[in-house]
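Undergrad: sequence plus the predicted model coming up.
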Amino acid sequence: MDTKRVVITGMGAITPLGNDVETFWNGLKEGRNGIGPITKVDVSDCKAKLAGEVKDFDPKDYMDFKSAKRMGLFSQYAVAATKEALEQSALDIEKEDPFKIGVIVGCGIGAMEKHEKEIPKFYTGKKVDPMYIPMVITNMASANISIQFGLKGKNMDISTACATGTHCIGEAFNAIRLGEADVMVAGGTEAAVTPSGVFGFAALTALSTNDDPETASRPFDKDRDGFVLGEGAGVVILEEYEHAVRRGANILAEVVGYGVTNDAYHITSPAPDGSGAGTAMKLAMECAGIKPDDIDYINAHGTSTHLNDLYETRAIKYALGDAAKKVSINSTKSMTGHLLGGAGAIEAIVCVKAINENYVHVTRNSREPEEELDLDYTFGQGKTREITYAMSNSLGFGGHNATLIFKGM
């Protein structure tokens, strides 16, 4: 079956390293740390003390006050990132068929802060906010984007835990490939630095208990002890290639591969042999029509948990074989923490910037891998190298695996 080419023409980001793509990317190149003591939650009685919090975010900079009041924070982040992405794309929506512009922007958890505010009212007789349910459900990121910008095409919310952002971009890629849309707004968002998020993940023993921001998030390091919670959103504008060329768009990169699997193994642990995530990588390469030797760079899921980093390393070897030794690998989470549903989206943006500038940012904080972790994880400092094909991996609770491949133009 003939399919259409899909390119990226705009990107937007709200992250712990900055509230636009360039500030975020420059922070990664400089090796800055977006992780610090938690300020949004009283963690006196919690073992986890650190998070990658978004700073200086004012929704009124991106939308009117009335609209912002009706959105959960995760929706506000998504709308803000979309505004930047659409502006970069220079897409004139009034000249487009709005039914050919769709949205797939997901969230892993929803408006946890709103749950925490409203649920106590159930038992005290206080009036519950009539907007409670419309603010917390995860589809409202996509819904609010469509309402704010007048986008009437295919609109979905995919929620697959930490794989959410990657799945959303991949499914939007497929929508354009199959002719269902000319343009898709795609990505992920999360705002889980709340009591439920922090104490919940801490109870699961998933979070680092290291209280030093300089060493807490250290993916692939032998002394890693858990991930650091992050928050924010990433959005990309995907566009059918000929459509982009006709309107003279600035094409940033091409999306060429997408692979999806499930481990069918465990609710929180990846499959030990790496076959689930490894097969997702193989399927993405098959979709792209390339071989393992063609992959120059992998933005790893790289959470800084013992099992993820070990099993993802096995997955990379499973998929790439001997070529795994020559690939540059890093983890953006070393500087942002783990954005959960937003992670894959900001990491897709990192892949595009890496291709554009032929640069692989450092995996900050990490110093020494354990014996089996013997690949090039970009410890110590970033590096300049030619990047034609970049791969991004996301592994979510429940065994969800997703891989995207991007190509330079």
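TA: That came through, no problem. Numbers count the residues shown, from 1 in each chain.
Undergrad: OK, contacts around Ser196?
TA: Applying C-beta atoms under 8 Å, 6 or more residues apart in numbering to Ser196 gives the contacts 112, 115-116. In short, each C-beta sits where N, CA and C put it, glycine included.
Undergrad: quick one: which of those is most hemmed in?
TA: If you count neighbours using other C-beta atoms under 10 Å, the busiest of these is Met112, which has 22 neighbours.
Undergrad: that older thread, let me know the closest of the contacts of Ser196 to Lys325.
TA: Among the contacts of Ser196, Met112 lies closest to Lys325 (C-beta to C-beta), at 41.4 Å.
Undergrad: so what's the closest one up against?
TA: Counting by C-beta under 8 Å, 6+ apart, Met112 has contacts 136, 191-192, 194, 196-197.
Undergrad: ok, back up a step: for Glu96, state which of the contacts of Ser196 is nearest.
TA: Nearest to Glu96 out of the contacts of Ser196 is Met112 (C-beta to C-beta; 35.0 Å).
Undergrad: now do that closest one against Thr124, distance only.
TA: 20 Å (C-beta to C-beta, to the nearest Å).
Undergrad: for Gly399, same thing?
TA: 40 Å.
Undergrad: so which of those two has more stuff around it?
TA: Gly399 (22 against 6).
Undergrad: tell me the pLDDT of that one.
TA: Gly399 is assigned 98 on the pLDDT scale.
Undergrad: could you pull out the strands in the stretch 301-409 of the chain for me?
TA: Here the stretch 301-409 of the chain has its strands, by DSSP state E, counting those that start in this stretch, at 328-330, 359-360, 383-384, 389-396, 400-407.
Undergrad: related to what we said a few turns ago, most neighbours, which of the contacts of Met112?
TA: That'd be Ala191 among those, by other C-beta under 10 Å, with 32 neighbours.
Undergrad: test my guess that that residue contacts Glu231.
TA: Yes. Ala191 lies in contact with Glu231 (C-beta atoms under 8 Å); the separation is 5.1 Å.
Undergrad: between these two, what contacts are shared?
TA: Tyr77.
Undergrad: now stretch 295-312, how far from the chain's geometric center?
TA: 14 Å (C-alpha atoms, centre = their mean, to the nearest Å).
Undergrad: with only the CA atoms kept, save the helix or strand where Phe24 lies in PDB.
TA: Using DSSP states H and E, Phe24 maps to helix 21-30. C-alpha atoms of helix 21-30 as PDB (Å, rounded to 0.1, in the frame of the first residue of the first chain):
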ATOM      1  CA  VAL A  21      11.900  24.600  22.700                       C
ATOM      2  CA  GLU A  22      15.100  26.700  22.400                       C
ATOM      3  CA  THR A  23      15.500  27.300  26.100                       C
ATOM      4  CA  PHE A  24      14.900  23.600  26.800                       C
ATOM      5  CA  TRP A  25      17.400  22.500  24.100                       C
ATOM      6  CA  ASN A  26      20.000  25.000  25.100                       C
ATOM      7  CA  GLY A  27      19.700  23.800  28.700                       C
ATOM      8  CA  LEU A  28      20.300  20.200  27.600                       C
ATOM      9  CA  LYS A  29      23.400  21.300  25.500                       C
ATOM     10  CA  GLU A  30      24.700  23.200  28.500                       C
END
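Undergrad: list the helices and strands it packs on?
TA: Helix 21-30 sits against strand 6-14, helix 343-357, with contacts defined as 3 or more C-beta pairs under 8 Å, 6 or more residues apart in numbering; DSSP states H and E.
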